[in-house]
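K.L.:
from the sequence below, what's the structure:
(2 chains)
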Amino acid sequence: MTESSSELTKKLSEAVEKMPAFPKSVQRILELSREINCPPKELVMVIEKDPVMTMKLLRILNSAYYSFPKQITSVNQSVVYLGLNTIKNMALSFAAMGSLPQQNAAGFDVQKYLMHSLTTASFARALCLKYGHDDTDPADCYIAGLLHDFGKVVFAQFMAEEFKEALARSAEQSIPLHVAEQQIIGTDHTVVGGMLVEKWQFPKQLTENIRNHHGAASPSNTVQCCLFAANQISKKLGLGNGGNPVVAALPSALVEYFEGDLDAVIAGLGDISKLASEAQVFAQVSKES
Amino acid sequence: MKLKFWGVRGSIPSPGEKTVRYGGNTTCIEIRTDANELIILDGGTGIFPLAQTLLKELPVKAHIFNTHSHWDHIQGLPFFIPIFIPGNTIRLYAAFDPISGEGAERIMNVQLQYSFFPVREAEMKSRFEYVALMPNEAVEVGAAKITPILLSHPVVNLGYRIDCNGKSVFFTGDHEPHFNIYDAGDDEYAEYQALIEEQRQSILDAIRGVDVIVADCAYTIEEYPAKKGWGHGTFDSSIQLAKDAGAKILYCTHHEPTRSDDDLERVFAEALARQAGISEGLDIRLAKEGAELVL
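P.N.:
The predicted model follows:
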C-alpha cells in the first residue's frame, strides 16, 4: 500500500459517505417512512441493526457541527438529542442511496457479514450483562460488536481485488483474515475501522476497542473482553460469516475473566437461539428485495 | 435589557377580529441590550412591523437568532426591509441542519427563489452574514451573551438564553418535553428514560436562575395526546419548566392559530388554576403582540 495513512483515511471516509446500507434495513426504512405515525422504537431497531446506517448517523452526530456534552454512541441517544423526525429523515437519506449489493467484486457475502456482526453485538452485550463487574454500559459492547468488522465491508467495496486475495489466502492457509490482509493490503480491517471512527470523532474508547479486537492477549477493559469472546462465539457457532475461518482460543487473561474456556462461556450464555434468530431474521434478504 | 413581542402566534399568521387582542403574527421577539444593540429572536411575520420601526434608525445592525427553520419562524425574513438597504449589517444565526447538510444560509436561499419571491438573494444590498451555531457555545453581542441550547422539536431547535448585565431571558422556540418511545414493559425503557432525564437536567442546568422564560405553550393538556410528537409544549409543561428553572416570569407563547382571544384566556385561566399548587412566586403571563418588558 503506497498511500499515506491520512490520504487513505480521507479517501475511505469519503467513500463510506456514499456507501449504501443493507437491503433489509433500506426496505424497512422506506416502509416506515411512509407511515406518518411510524412507531419510533421500530425505527431505532432498524437503524441499530445496520452497521452502515449506524456509522453514518454517529458520524454526523459526533461531527464538529454539534458540540454535544458527550460523544454519542447509541441510536437512542441520537433520538433524544436530535428528535425522532430528524433521525427518521437522516435514515431515509441513507436509504435513498440504495442497498449494498449482495454480490461484490471481492466475493464477500454482506448478508453473512451482517449476521456475524449482529450476533457478535448481541453476544457482547449479553456477556457484559452476565460477567461485567464494573459500570460498563452493555450498549457500548453492542456498538463495538456491531462495528468491529466495519473495515471489511469497506475493503470489499473499495479495495475489492486485494480483499478477495486476502479472503482466499486466509481460507487456503487457515490463517486469520487480518494476518492475510496485512500481508496483501499492508494494513488490516481493525486499523481501517479504527481509523474511520477516529476521523469521525467517535469516542476514543470505541476506536481502541475496534482497533484491538484481534489483540486481546491483555484486554484493557470490559468491552474488549466481551467483544473478543463474542466474536469467537459467533464464528464457532457458524452464525454468519465475517470471512475469517480461524476461531481463536480465549487467552489466559480471558479464561480467568470468564472463569472458563470458550465452551464454558457458550454454555453459560444459556439458550442463545433467541439472540441468534433475531439477528437471522434481520440479516436475511427479504423475498421482495 | 428590554424585550418586546412582535409575533406570538404559532404555525400560521391568524389575523382577524377573534385574535386582535393578542395578535395574529407569527413568532418574533425584539431584545435590546442596555447599550441598545438589537437582537431579534426569530423572523416570523412579526418581523415585518418591527422592520418599519427600524427605518428611522439607519444604518441598522441586527443580530437575528433563528430557533429553527419552520415557516412560522422564518417567513417574515424576506420582508425584513433592512436587508435590502446598503449600509445595514444583518447577521443571521442558526443551527446546522443534518438533513440538508446546510446551516443558516439555507433559510434565505430557499425563500429567495424567483418563483416564490421577486427579489433574489444577490439583490440583498445590506451586508448579510450567516453564523452557524453549536449547542452550548455562547456568542457575544456587545455586553450580551447568547447561549444556544438544544431542545426537542421535529427539526433541530435551539432555545436561546440571553444574559446581559446580570439580567437574563430564555426563549424556547418550539419545544416538546422529551417522552419515552418505549413501553414500560420493554427492555430499553429504563435506559431511554435515563437518557431523557439526563437531557432534561442539562436543559435545566443551562437555564437555571433565568429572570424570564418565554415558552412554547401551544396546547392544553386535553389537546396534547392527539398531538404528541408534533414538537410543542403545553401550558402545564412550560409552567413546570419555569418553576424547575427558578424563573421569575413566564410568558406563554406560540398560541394556536385557531384559538380565539376569549378561548386563549379561558384555557390559560384553567391551566393557572390547575398549576396553582406549584406556581407560587412565578408570574405567568400570556405573550401579547406589542407587549414590552424592561428588565
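K.L.:
mind listing the strands for the stretch 151-295 of chain B?
P.N.:
Under the criterion DSSP state E, counting those that start in this stretch, the stretch 151-295 of chain B contains strands at B:158-164, B:167-171, B:212-216, B:249-253, B:283-286, B:292-294.
K.L.:
which of those strands sits most buried?
P.N.:
A comparison of those by mean neighbour count, using mean count of other CB atoms under 10 Å in any protein chain shown, puts strand B:212-216 on top with a mean of 27. (Glycine included, C-beta is placed from N, CA and C.)
K.L.:
mind listing what residue A:260 touches?
P.N.:
residue A:268 (CB atoms under 8 Å, 6 or more residues apart in numbering or on different chains).
K.L.:
quick one, phi psi at it?
P.N.:
Dihedral pair for residue A:260: phi 160, psi 170, per degrees, to the nearest 10.
K.L.:
right, and residue B:249 touches residue B:281 too?
P.N.:
No. Using CB atoms under 8 Å, residue B:249 is not in contact with residue B:281, being 10.7 Å away.
K.L.:
three-state assignment of residue A:54?
P.N.:
Secondary structure state of residue A:54, per DSSP: H, G, I helix; E, B strand; the rest coil, is helix.
K.L.:
okay, now the unreliable bits of the stretch 101-250 of chain A?
P.N.:
Applying pLDDT under 70 to the stretch 101-250 of chain A flags the ranges A:216-217.
K.L.:
coming back round to it: chain A: which of the strands of the stretch 151-295 of chain B is closest?
P.N.:
strand B:158-164 (10.7 Å; CB to the nearest CB).
K.L.:
got the CA coordinates for the closest one in CSV?
P.N.:
Taking C-alpha atoms only, strand B:158-164 is exported to CSV below (Å, rounded to 0.1, in the frame of the first residue of the first chain):
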residue,chain,number,x,y,z
LEU,B,158,-32.1,25.9,19.6
GLY,B,159,-33.5,27.7,22.6
TYR,B,160,-31.6,30.9,23.4
ARG,B,161,-30.6,32.2,26.8
ILE,B,162,-29.6,35.9,26.7
ASP,B,163,-27.6,37.3,29.6
CYS,B,164,-26.8,41.0,29.9
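K.L.:
now for that strand, which elements pack on it?
P.N.:
strand B:144-150, strand B:167-171, helix B:189-207 (3 or more CB pairs under 8 Å, 6 or more residues apart in numbering or on different chains; DSSP states H and E).
K.L.:
how about a cut-off of 7 Å?
P.N.:
strand B:144-150, strand B:167-171 (3 or more CB pairs under 7 Å, 6 or more residues apart in numbering or on different chains; DSSP states H and E).
K.L.:
ok, the longest one: who's next to it in the sheet?
P.N.:
It stands for strand B:144-150. Under the criterion DSSP bridges, strand B:144-150 sits next to strand B:139-141 (antiparallel), strand B:158-164 (antiparallel) in its sheet.
K.L.:
a markdown table for these, including mean pLDDT?
P.N.:
Listed next are the strands paired with strand B:144-150 as a markdown table, based on pLDDT from 0 to 100:
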| stretch | mean pLDDT |
| --- | --- |
| strand B:139-141 | 98 |
| strand B:158-164 | 98 |
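K.L.:
quick one: which of those is nearest residue B:33?
P.N.:
strand B:158-164 (5.0 Å; CB to CB).
K.L.:
contact residues of chain B facing chain A?
P.N.:
B:96, B:98-99, B:134-137, B:150, B:152-156, B:178, B:181-182, B:188, B:191-192, B:195-196, B:199, B:202, B:229 (CB under 7 Å from any CB of the partner chain).
K.L.:
which among those residues end up buried?
P.N.:
B:96, B:98-99, B:134-136, B:150, B:152-156, B:178, B:181-182, B:188, B:191-192, B:195-196, B:199, B:202 (16 or more other CB atoms under 10 Å in any protein chain shown).
K.L.:
please list all residues in contact with the most centrally placed residue in chain B.
P.N.:
For chain B, the residue nearest the mean C-alpha position is residue B:173 (2.7 Å; CA atoms, centre = their mean). Shown in contact with residue B:173 (CB atoms under 7 Å, 6 or more residues apart in numbering or on different chains): B:42, B:67-68, B:73, B:151, B:157-159.
K.L.:
and of those residues, the nearest to residue A:57?
P.N.:
Out of the contacts of residue B:173, the member with the shortest distance to residue A:57 (by CB to CB) is residue B:157, at 19.0 Å.
K.L.:
pretty sure that closest one is touching residue B:174, no?
P.N.:
Yes. At 5.5 Å, residue B:157 counts as touching residue B:174 under the criterion of CB atoms under 7 Å.
K.L.:
as JSON lines, the helices and strands packed on strand B:158-164 with mean pLDDT would be great.
P.N.:
Below are the helices and strands packed on strand B:158-164 laid out as JSON lines (pLDDT from 0 to 100):
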{"stretch": "strand B:144-150", "mean pLDDT": "97"}
{"stretch": "strand B:167-171", "mean pLDDT": "98"}
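K.L.:
contact partners for the residue lying farthest from the centre of chain A?
P.N.:
In terms of distance from the mean C-alpha position of chain A, residue A:36 ranks first, at 30.2 Å (CA atoms, centre = their mean). Listed by CB under 7 Å, 6+ apart, residue A:36 has no contact partners.
K.L.:
count the residues that sit near residue A:113.
P.N.:
23 (other CB atoms under 10 Å in any protein chain shown).
K.L.:
for it, phi and psi?
P.N.:
With angles defined as degrees, to the nearest 10, residue A:113 sits at phi -60, psi -40.
K.L.:
helix or strand for the nearest residue to it once chain neighbours are set aside, which one?
P.N.:
Spatially, and ignoring its direct neighbours in sequence, residue A:113 is nearest to residue A:242 (5.6 Å; CB to CB, 6 or more residues apart in numbering or on different chains). Using DSSP states H and E, residue A:242 sits in no helix or strand.
K.L.:
tell me the contacts of residue A:242?
P.N.:
Applying CB under 7 Å, 6+ apart to residue A:242 gives the contacts A:113, A:116, A:149, A:152.
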